[in-house]
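1. have a look at this prediction, sequence included:
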Number of protein chains: 2
Amino acid sequence: MRVAAAVLLSVALVSQPADLRSTVTTWTDAHRQAVLDELIALLSIPNVARDKPNIRRNAEHIRGMLARRGFTAEILETTGNPLVYGSLVVPGATRTVLYYCHYDGQPVDPPRWRQPDPFTPVMRGEGADARIYARSSSDDKAPIVALLTALDAMKSAHLSPSSNVKVIFEGEEEAGSVSLVPAIARYRDRLKADLMIILDGPGHSSGRPTVAFGARGIATVNVTVYGPKTGVHSGNYGNWIPNPAMRLAQLLASMKSDDGRVTIAGYYDAVPPLSAEDRAMLDGVPEDTDRMLKTFGVAEPEKAFPKLQYALQYPTLNVRGLVSAYVGAGARTIIPDRATAALDLRLVKETAADLLLAKLRAHIEKQGYHLVDADPDDATRAKFSRIAGIEIDSPPTEAFRTPASDPQARAVVAAITRTFGQPPVQLRTLGGTVPITPFIKAMGFPALIVPTVNFDNNQHEENENLRLTTFFDSISVIAALLRM
Amino acid sequence: MRVAAAVLLSVALVSQPADLRSTVTTWTDAHRQAVLDELIALLSIPNVARDKPNIRRNAEHIRGMLARRGFTAEILETTGNPLVYGSLVVPGATRTVLYYCHYDGQPVDPPRWRQPDPFTPVMRGEGADARIYARSSSDDKAPIVALLTALDAMKSAHLSPSSNVKVIFEGEEEAGSVSLVPAIARYRDRLKADLMIILDGPGHSSGRPTVAFGARGIATVNVTVYGPKTGVHSGNYGNWIPNPAMRLAQLLASMKSDDGRVTIAGYYDAVPPLSAEDRAMLDGVPEDTDRMLKTFGVAEPEKAFPKLQYALQYPTLNVRGLVSAYVGAGARTIIPDRATAALDLRLVKETAADLLLAKLRAHIEKQGYHLVDADPDDATRAKFSRIAGIEIDSPPTEAFRTPASDPQARAVVAAITRTFGQPPVQLRTLGGTVPITPFIKAMGFPALIVPTVNFDNNQHEENENLRLTTFFDSISVIAALLRM
């Protein structure tokens, strides 16, 4: 099977398409039901990461899908759920691209869905807005089927990929991708590539093909200001015993200006000025600011950065939660014993977690606080009038960002531009964080994210769906990548 | 019975004691067990305000105790639990003093007590620290028995009270005293007096007799800063969508200086400077600052006011609770939709709740916020970039404070000084709030609080107790009041 495929592919490589997109759509129009049937079959296998027997069924099923396309297809065992690996060697190709998807999905709460079973797909909606509703319809099984369908359509026109194709499909992304980096030690040779393309996440709301060159990282940290050992009566001691909730408020207020700029010394220092090319890329992203603000019910964004895309190029200091004693039912007239702010710091490539966390610590100390790692003892309480604790909530994930000038990145953008007649929406970085980042950094290859599904897919929620128009468009996007 | 008592009392009035305190203690030493038996019998009747049959039993029992001492004793029906009223007319007396106690107690959670039943009193401890453990042993049945025992002891020495004695014992103080002010319309004549003395609360920790001339009031208010309609992804929108938790922190920080002084314009304006007499009184309160700070585990008090007693003379702005999204389990990387601070404002006589709440509102508006009374609608969200809500949590209780120069107040202090050989600890105001304040204000008479039980009585908690040495001392304190 492998030999036959290699022969076919070497023949196909010589052919160049007049119009790749029409080649693909002509084929998918003719095979629409077969494509959907393959997608539905895959969506029908439950895929919550902890459901080991079904995870195994997914892996075997996908391995079969790969093998039918001539891939060398393997199940790679890990310390957790298995990886599905495939390799398609293209004679004469000088580039190897590793495509990443994940075949597991978020847990489901069936009563909250409009259909009896999230793993029995349902079709709803008419015409251009027809959608398949099922868990993982968008996140992240659709790209697996789109990738293989792109190969099928190309094959029908005797078009082979222009690069060696490797795929790695993960089975526990929604459970934190904990076995992925450890798997490198065992499978590094198989995973080696010149470029990694991550097929995951929703595309830009404009519906245009989208390429993201990176993603911000994240560090989460809890800052606690300590008050009296136990809550004390706010009447008997109000105006005298310091209030930790007020002091936390003052501490947080010292960290950001009124316009939203972080005022911790040197917080942005490591971030180089944006180049003219960077700015051109940011300005090129279609942003409907008014619509976004209306959706969120906010009259005005923060003013520290001129536009959303600019805001995403810098690290954040976000208060994601606050707690001190009680509000509402259970409220008591006390000076609380402590107050805690849960912060998340989004990182950019130049601001590693350690760098920003050190600046945060230094800032808190500069405000007069003695820092502790655990609740202070009596001696510490007697010695320091301001005591704060910093607790790293979970291990940070660093940012990654592939330069737009990277030859592989340029090739991706050029391929999509060629196929669609206009450049993709190019995001210098996603604002959020992807759990694949540690893998990218460990492998050391350039990586791009090509999100292909509809932005309104209800990802991670009930009634997750895949808009079919967007899905069929994505097959051409992936064909463009395969032919770059 | 009433005639006989009046005859006896008119005879007794002419006699003046060489040493009232030794008269009382000689008698109580001789009748110690009988006194304790009467206390134990009263403590054995369950007295949670919602337990109507037992509340009625308490009222009837206390009415009998009063009648046995020659009081005109009545049960006054109210819209809630009954009041027990008593009057003892002293021929020739020109002053009428109304003594207030409450016979209901806090709810109980028996498994948390060291004894099988909080209403089956238990004696524990040796010598000077022997205590009776039972619900309401200190709060507030002890003063009822102490008052009547003082009359018994005085009677044995042919000493009558020097003023007409009225008593009003309430049966739902721990449930908010909601029927007390409404009862005035029906019983105003009975309740009229030249002075009200509230026998409730713990005495000063020094163990010395204590007189408080007032109590601070309270207003509780929730301040909410609104963010996006629902929490939004802190990666996708961090640095761009304003964060309500940070804005709440900035807003709170604008309300207080680093040293704890309220910086809301004019917050203290209505409070007149302390006079030399005021300062002398505040300085005269024994304060063991070091011990208090050690107990609370705080190295240093706030610096806005030099000492605790000074701090209590001013209104507060206390953050009693904070909440925004989640901290710890359940924390999500979002920009929260709202953040709320629960505040309590302790009031002094010169700063009515309305005055301070108006200043708070004005301050928030001055920080650029549009104030709403309910969650903002889309039009409001679109119009105002900063939106905050203020919600009054429960009706405010105003402060009261009887001037130390009031003749009745002077007489109380003089009487205790005469009996104990030194002045009582004199508190210009309690820091906390007493629910009796609206009644005092409605009746318009001067009022003093004479707290008589041990400061460490575990009031409102499990294992409430009464230190017997303190209890027997309190009988002399009350005798001094009766003979003032």
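-> Alright, I've got the coordinates.
2. C-alpha only now, for contacts and for neighbours.
-> Will do.
3. hang on, residue A:69 packs against residue A:148?
-> Yes - using Cα atoms under 8 Å, residue A:69 is in contact with residue A:148, at 7.4 Å.
4. where do the strands of the stretch 1-150 of chain A begin and end?
-> Here the stretch 1-150 of chain A has its strands, by DSSP state E, counting those that start in this stretch, at A:72-76, A:83-88, A:96-102, A:122-124, A:131-133.
5. in a markdown table, list those strands along with distance to residue B:334 and mean pLDDT.
-> Shown next, in a markdown table, are the strands of the stretch 1-150 of chain A (distance: least, Cα to Cα, whole Å; pLDDT from 0 to 100):
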| stretch | distance to residue B:334 | mean pLDDT |
| --- | --- | --- |
| strand A:72-76 | 35 | 98 |
| strand A:83-88 | 31 | 98 |
| strand A:96-102 | 24 | 98 |
| strand A:122-124 | 31 | 97 |
| strand A:131-133 | 26 | 98 |
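6. in a markdown table, list the ones you listed along with mean neighbour count and distance to chain B.
-> Listed next are the strands of the stretch 1-150 of chain A as a markdown table, based on neighbours: other Cα atoms under 10 Å in any protein chain shown; distance: least, Cα to the nearest Cα, whole Å:
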| stretch | mean neighbour count | distance to chain B |
| --- | --- | --- |
| strand A:72-76 | 19 | 32 |
| strand A:83-88 | 24 | 28 |
| strand A:96-102 | 23 | 21 |
| strand A:122-124 | 15 | 27 |
| strand A:131-133 | 25 | 23 |
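7. quick one: residue A:58 and residue A:44 touch, right?
-> No - look at residue A:58 against residue A:44 with Cα under 8 Å: they stay out of range, at 9.5 Å.
8. so for these two, which residue has more residues nearby?
-> Taking other Cα atoms under 10 Å in any protein chain shown, residue A:58 and residue A:44 do not tie; residue A:58 has more neighbours (23 against 19).
9. residues touching the more buried one, list them.
-> Taking Cα atoms under 8 Å, 6 or more residues apart in numbering or on different chains as the criterion, residue A:58 is in contact with A:42, A:45, A:46, A:47, A:103.
10. these two touch, right, residue A:296 and residue B:229?
-> Yes - Residue A:296 is within contact range of residue B:229, at 5.5 Å (criterion: Cα under 8 Å).
11. where exactly do the helices run in the stretch 351-484 of chain A?
-> Listed in chain order, the helices of the stretch 351-484 of chain A (DSSP state H, counting those that start in this stretch) span A:353-366, A:378-383, A:407-420, A:437-443, A:468-482.
12. next one: the fourth one to chain centre, how far?
-> Looking back up the chat, that one is helix A:437-443. Remark: helix A:437-443 is offset 14 Å from the chain centroid, using Cα atoms, centre = their mean, to the nearest Å.
13. which element, helix or strand, includes residue A:225?
-> strand A:217-226 (DSSP states H and E).
14. I'd say residue A:364 and residue A:251 touch.
-> Yes - counting by Cα under 8 Å, residue A:251 is a contact partner of residue A:364 at 7.3 Å.
15. near chain B, which residues of the stretch 151-300 of chain A?
-> The stretch 151-300 of chain A has residues A:216, A:222, A:227-230, A:232-243, A:245-250, A:252-253, A:256, A:258, A:260-261, A:294, A:296-300 near chain B, with proximity defined as Cα under 8 Å from any Cα of the partner chain.
16. in helices only, show me these.
-> Residues of these located in helices (DSSP state H): A:234-237, A:245-250, A:252-253, A:294, A:296.
17. want to throw those residues into CSV with pLDDT?
-> Converted to CSV, those look like this (pLDDT from 0 to 100):
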residue, pLDDT
A:234, 93
A:235, 92
A:236, 90
A:237, 93
A:245, 98
A:246, 98
A:247, 98
A:248, 98
A:249, 98
A:250, 98
A:252, 98
A:253, 98
A:294, 95
A:296, 94
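18. against residue A:359, how distant is residue A:246?
-> To residue A:359, residue A:246 is 22 Å away according to Cα to Cα, to the nearest Å.
19. how about residue A:465, what does it touch?
-> A:131, A:132, A:133, A:134, A:135, A:136, A:137, A:138, A:457, A:458, A:459.
20. go again using 10 Å as the cut-off
-> A:121-124, A:130-139, A:453-454, A:456-459 (Cα atoms under 10 Å, 6 or more residues apart in numbering or on different chains).
21. of those residues, just the buried ones, PyMOL syntax please.
-> Burial among the contacts of residue A:465 is assessed by 16 or more other Cα atoms under 10 Å in any protein chain shown; the matching PyMOL selection reads:
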select buried, chain A and resi 121+122+130+131+132+133+134+135+136+137+138+139+453+454+457+458+459
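22. tell me where the model's unsure across the stretch 301-450 of chain A.
-> Along the stretch 301-450 of chain A, segments meeting pLDDT under 70 are nowhere present.
23. neighbours of residue A:354, how many?
-> 12.
24. kindly report the same for residue A:441.
-> Neighbours around residue A:441, by other Cα under 10 Å: 15.
25. quick one, longest helix in chain A?
-> Longest helix in chain A, counting by DSSP H: helix A:52-68.
26. centre of the chain to that one, how far?
-> Taking mean C-alpha positions (Cα atoms, centre = their mean), helix A:52-68 and its chain are 24 Å apart.
27. what angle do strand A:72-76 and that helix make with each other?
-> Relative orientation of helix A:52-68 and strand A:72-76, computed by axes from the mean of the first three to the mean of the last three Cα atoms, to 10 degrees: 160 degrees.
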